[in-house]
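Student: 3D model of this:
(one chain, ligands or ions: 1)
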Amino acid sequence: MENLQIVSALEEPEKAAALAASVFTKAPGDIPDIEPPPDGNVTLPGGFLDLKGELHTEATVRELTGADEEALQKPEVMKNFGRFTQVLLQRGVTRVGTYDNPGKDVLGNLLIGDRDMLMLAIRRVTYGDTLEMKVNCPACGEELNVEHDLAKDVPIKKMDDPRERMFTMELRDGRKVTCSLAVGSDQEAILSIGQNKSLAEITSMLLARCVKWEDGRSLGLDGVRNMGALDRRNLAEEITGRQPGPQYSTIDLDCAACGKDFPMVVDVQDLFR
Ligand SMILES: [Zn+2]
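Tutor: Residues are numbered from 1 along each chain as shown. As a prediction, this is how the structure comes out:
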């Protein structure tokens, strides 16, 4: 369950699209009381590494407006979580380091974990820190009303070295590959390939974009399709597991009915429901 935010969207594209489609459709009476908005400043756990090699980690987001909601609720945006994320960040992020009103060149090159961090900040500044959810206890089935404080309850995973975006792995036959952590443009491309793709097809897409032979040659889609299944799984787990950012899957819940505890599952999309 490491790095749930990408894994779940990758494993369950239909669910991701359905959740994106339900964004902002909540009845007005269901909207929780809003606390005073936190300021829109956020520190990225990775940061934007620009072409000059400068690392930008301080960013600013703003509250979403009605015009933003209209843009996000367009059918072609709601049905595609990659597009939804893109529109949300382009509108809600006003600054990354020294880059004001960042466009695709900046946002598309941010690590997925940094984008998750920005989405969390936009959510907090727009709707407040309280996340209310209904979940069913996996042990006894009881429906629980859960409330999270997004300012305190979500651990943020940092990077040991934010400049280190690549790593080498050895395949079972001894050949070596160089992997890079997925960024926004990878996320958008992968989530845009359609709802009816299998996990295997989505994994191929991720690996084709993020894995190269050690000498820099591309494997291409054919190369990653011909790779052994265990190698593919290990690579995909390592690439997604190394992402920094909000770790929603590490939140534990206690069931009031049966007393068992279980891990909370929060998708990034849940933040905007
Ligand atoms: Zn229970």
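
Student: mind listing what residue 166 touches?
Tutor: 178-181 (Cβ atoms under 8 Å, 6 or more residues apart in numbering). In this view, the C-beta of every residue, glycine as well, is placed from N, C-alpha and C.

Student: Put together CSV for those residues, with secondary structure, neighbour count and pLDDT on each row.
Tutor: CSV is the format used below for those (DSSP: H, G, I helix; E, B strand; the rest coil; neighbours: other Cβ atoms under 10 Å; pLDDT from 0 to 100):
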residue, secondary structure, neighbour count, pLDDT
178, strand, 15, 98
179, strand, 19, 97
180, strand, 15, 97
181, coil, 21, 97
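
Student: for those residues, which one is nearest the ion?
Tutor: residue 181 (37.0 Å; Cβ to the ion).

Student: gap between the closest residue to the closest one other than its chain neighbours and the ion?
Tutor: Among residues not flanking residue 181 along the chain, residue 165 sits closest, at 5.2 Å (Cβ to Cβ, 6 or more residues apart in numbering). The gap separating residue 165 from the ion is 42 Å, by Cβ to the ion, to the nearest Å.

Student: per-residue confidence at residue 165?
Tutor: Per-residue pLDDT puts residue 165 at 94.

Student: State the pLDDT value of residue 249.
Tutor: So, for residue 249, pLDDT stands at 73.

Student: Which secondary structure state is assigned to it?
Tutor: helix (DSSP: H, G, I helix; E, B strand; the rest coil).

Student: Could you verify my assumption that it touches residue 265?
Tutor: Yes. Judged on Cβ atoms under 8 Å, residue 249 makes contact with residue 265 at a distance of 6.7 Å.

Student: Downstream of the helix of greatest length in the chain, the next helix or strand is which one?
Tutor: With secondary structure taken from DSSP state H, the chain has its longest helix at helix 112-127. Per DSSP states H and E, the first helix or strand lying C-terminal to helix 112-127 is strand 130-136.
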